[in-house]
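Peer 1: Sharing a model prediction with you, sequence too.
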Amino acid sequence: MAHHHVLPVVLTLVLPLFVACGSDSNLQDRGQCDGILNTVEQTVDDGFDLDGDGYFDAESLACQETYELAQLDCDDDNVDVNPGVVEEMCNEIDDDCDGSTVDAPDVDGDGFTPCEGDCDDTQATVGPDQDEVTCDGLDNDCDSATFDGEDMDDDGYTSCEDCDDDNADVNPSTAEVVCNGWDDDCNAETPDGDDFDNDGIVHCFDCDDADPLRYPGATEICEDGIDQNCDLIDPDCPPPTWDGIWDTNAVSYSCAQGSVLIDFASVSVIDTNPNISFTFIGGTQPGTLSGTLGAGDTFTASYSIAGLCTENYSLNGSFTSGTTFTGTFVAQFVDTSGTGFGCLDCSDQSFPLSGSR
């Protein structure tokens with residue numbers, strides 16, 4: 001009977017000892033990275049996922065044969081490193097286990113990475129070695145202390161947005177004030193007043209906002225009784241100048257066997273008020289007649305050629321408009337030889353003359 005009681009006691013002591021030894025064993029030594037749950041694993045291949053992030057040891061040849069690359073952990077001691085993690089720039093760690101994902105990219109190719117202070121790696125004109133460009137909306141030199149624009153009037157808007165940075169009452173947040181002559185809100189579409197005649201000048205500054213031909217800056221017409229440019233003055237017209245080539249009615253006369261030849265249909269006028277000259281174009285006479293301008297745009301001019309027969313030429317008349325004149329051209333021949341034959345067949349002539357230009 002004593003014999004039958006000893007055996008169960010021995011078995012009871014030995015079995016727990018065997019199990020205890022098994023729990024102390026290395027799971028990787030006893031398990032296999034085979035994608036199958038075996039007796040020594042709590043979860044499939046947990047001996048090859050030491051950081052418990054669900055990815056398996058990329059250094060194990062068995063895991064390489066069992067799992068796709070996207071399931072392999074390049075650092076199985078760091079739960080924050082595996083193919084499911086988004087690469088964090090500038091930490092010098094291959095967070096996503098993908099060597100093609102750059103830890104320090106230079107997307108804009110300007111020679112600086114975000115790790116080196118490039119505050120906008122999508123803009124090649126932005127980087128630590130760039131000069132600040134005013135009013136382009138970018139921090140070109142990656143230095144917040146360097147302003148993109150100055151705010152001279154301290155109204156909260158830089159010269160880039162402020163249409164008058166010397167006036168704190170003018171900026172994009174100010175309400176437009178009618179008829180003060182300022183673009184208070186820096187918006188040209190907001191009128192400073194009404195423009196009833198659509199001449200571009202609001203009623204505040206237009207001396208006649210019902211007449212589109214009268215406004216500040218309009219071309220003034222002299223002596224027409226209208227103040228076109230709103231300066232309260234209808235100026236006197238300047239004296240006209242009669243310079244230029246004028247067409248005339250044809251005048252033709254020849255005598256003294258052709259030595260006197262008057263043949264013209266145009267005249268060149270030179271006006272040096274009060275002096276004026278008429279040079280007749282054509283023939284050999286009368287040449288240039290010189291004279292003066294008188295009241296009411298009248299003129300008188302003459303020229304003499306001395307000799308045995310003195311030739312006296314004159315033109316008297318008036319300018320009847322800016323483009324017309326009328327007058328009388330006279331040729332007189334005086335025999336100074338005392339023979340009565342000095343002027344041969346030349347006789348005094350008078351021609352009505354009209355000109356236009």
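Peer 2: That came in fine, so what should we check first?

Peer 1: Low-confidence stretches in this structure?
Peer 2: Along the chain, segments meeting pLDDT under 70 span 1-30.

Peer 1: Tell me which stretches of it form strands.
Peer 2: 56-57, 72-73, 244-255, 260-272, 275-283, 288-293, 298-305, 309-319, 324-335, 349-356 (DSSP state E).

Peer 1: show me what contacts residue 274?
Peer 2: By C-beta atoms under 8 Å, 6 or more residues apart in numbering, the contact list for residue 274 reads 292-293. C-beta here means a position set from N, CA and C on the backbone, and glycine is covered the same way.

Peer 1: Just put the strands of the chain in TSV and tack on mean neighbour count and distance to residue 341.
Peer 2: TSV is the format used below for the strands of the chain (neighbours: other C-beta atoms under 10 Å; distance: least, C-beta to C-beta, whole Å):
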stretch	mean neighbour count	distance to residue 341
strand 56-57	25	142
strand 72-73	24	137
strand 244-255	15	13
strand 260-272	17	15
strand 275-283	18	23
strand 288-293	16	27
strand 298-305	17	18
strand 309-319	19	9
strand 324-335	18	7
strand 349-356	16	19
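
Peer 1: so which of these gets nearest residue 183?
Peer 2: strand 244-255 (46.9 Å; C-beta to C-beta).

Peer 1: Please determine how far residue 235 is located from residue 297.
Peer 2: 19 Å (C-beta to C-beta, to the nearest Å).

Peer 1: Those two: which has the busier surroundings?
Peer 2: Each of residue 235 and residue 297 has its neighbours counted (other C-beta atoms under 10 Å); residue 297 has more, 16 against 13.

Peer 1: Is that one in contact with residue 321, as I believe?
Peer 2: No: using C-beta atoms under 8 Å as the test, residue 297 is too far from residue 321 to be in contact (9.1 Å).

Peer 1: one step back: rebuild the strands of the chain as CSV, extending it with distance to residue 49.
Peer 2: Listed next are the strands of the chain as CSV, based on distance: least, C-beta to C-beta, whole Å:
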stretch, distance to residue 49
strand 56-57, 5
strand 72-73, 7
strand 244-255, 105
strand 260-272, 109
strand 275-283, 113
strand 288-293, 114
strand 298-305, 117
strand 309-319, 112
strand 324-335, 111
strand 349-356, 110
